[in-house]
Every structure is written in structure tokens, then in C-alpha cells.
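Peer 1: Just the structure for this:
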Amino acid sequence: MVLAASLLASEEMYAQPGAFSIPVNAMISKVKMVKFSMRNDTKEPIKVKAGDTEVTLEPGKLVPMKLEVGVKIVAEETTPSFAAGELISVVSTDLADSTVALK
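Peer 2: Alright, predicted model coming up:
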């Protein structure tokens, strides 16, 4: 009889809301940001799109960037060096503290 009472109690405990706790931090992932620079080594400005942001890279200028891992950097306009829509780079941790030179 004692065994039957303990089995009933354990079933009721599991049926209650909040009986199980799921760690919230297991569902939240931290976004990894990467700092790097881009430099335009051509003679013409290059307009690029990095995620949702458009940036114009002037010739010879160093532009600091801080973007999430996985963001695609794409040429916005056709130039002698790049076609519009051409993929220039995908941000990865390998770019950290480096300079991407566009030629």
C-alpha cells in the first residue's frame, strides 16, 4: 500500500506545470563578432554590402569593420575589378585583426 501511494505521488508531481525546469541559457546562443579592416587597392571607389549595411570603400583608404560571423560581403555595383552581386568574402574568425585588400 505504501508503494502504491508513492507511485501516485510521483505521477502527480510530473503532471504539474513547472515540475521540469529547462535552462534558458541553453536556448540562447551568443553572436560572435569579428573585427577586421578592408582596404581598396584599386583606383575607383567600390561599394560593398556587408549584411544590411552599405559601405563605400574609397581608393587607398582603410575601413574598420565589426561584423557577425557568417555575414556575406558582396559588391553592390560593377567595377573593373568586381561584378555587381559578386561575393567578396564571408566573415569568419580567420579574418580577426587582419586587413582584406581588394585589388
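
Peer 1: in the chain, which spans are strands?
Peer 2: 33-40, 46-50, 53-57, 62-68, 72-75, 87-90, 99-102 (DSSP state E).

Peer 1: May I see the buried residues of the last one?
Peer 2: Okay, so that is strand 99-102. Within strand 99-102, the residues that count as buried by 16 or more other Cβ atoms under 10 Å are Val100, Leu102. All C-beta spots, glycine's among them, are computed from the backbone N, C-alpha and C.

Peer 1: Which residues outside it are in contact with it?
Peer 2: Residues from elsewhere that reach strand 99-102, judged by Cβ atoms under 8 Å, 6 or more residues apart in numbering: 36-42, 46, 57, 62, 81-82, 88-89.

Peer 1: Out of these, which end up buried?
Peer 2: Buried among the contacts of strand 99-102 (16+ other Cβ under 10 Å): Phe36, Met38, Arg39, Asn40, Thr42, Ile46, Leu57, Ser81, Phe82, Ile88, Ser89.

Peer 1: Val71 versus the last one, what's the distance?
Peer 2: Looking back up the chat, that one is Ser89. 9 Å (Cβ to Cβ, to the nearest Å).

Peer 1: and what of the fourth one?
Peer 2: Using Cβ to Cβ, Asn40 is found at 19 Å from Val71.

Peer 1: low-confidence ranges in this protein?
Peer 2: When residues are selected by pLDDT under 70, those of the chain lie in 1-29.

Peer 1: how about a cut-off of 50?
Peer 2: 1, 3 (pLDDT under 50).

Peer 1: burial measure for Ala96, as a count.
Peer 2: Ala96: 13 surrounding residues under other Cβ atoms under 10 Å.

Peer 1: Tell me the bridge partners for the residue nearest to it when sequence neighbours are not counted.
Peer 2: Distances taken as Cβ to Cβ, 6 or more residues apart in numbering put Val34 closest to Ala96, at 5.2 Å, once the chain neighbours are dropped. Val34 forms beta bridges with Leu67, as assigned by DSSP bridges.
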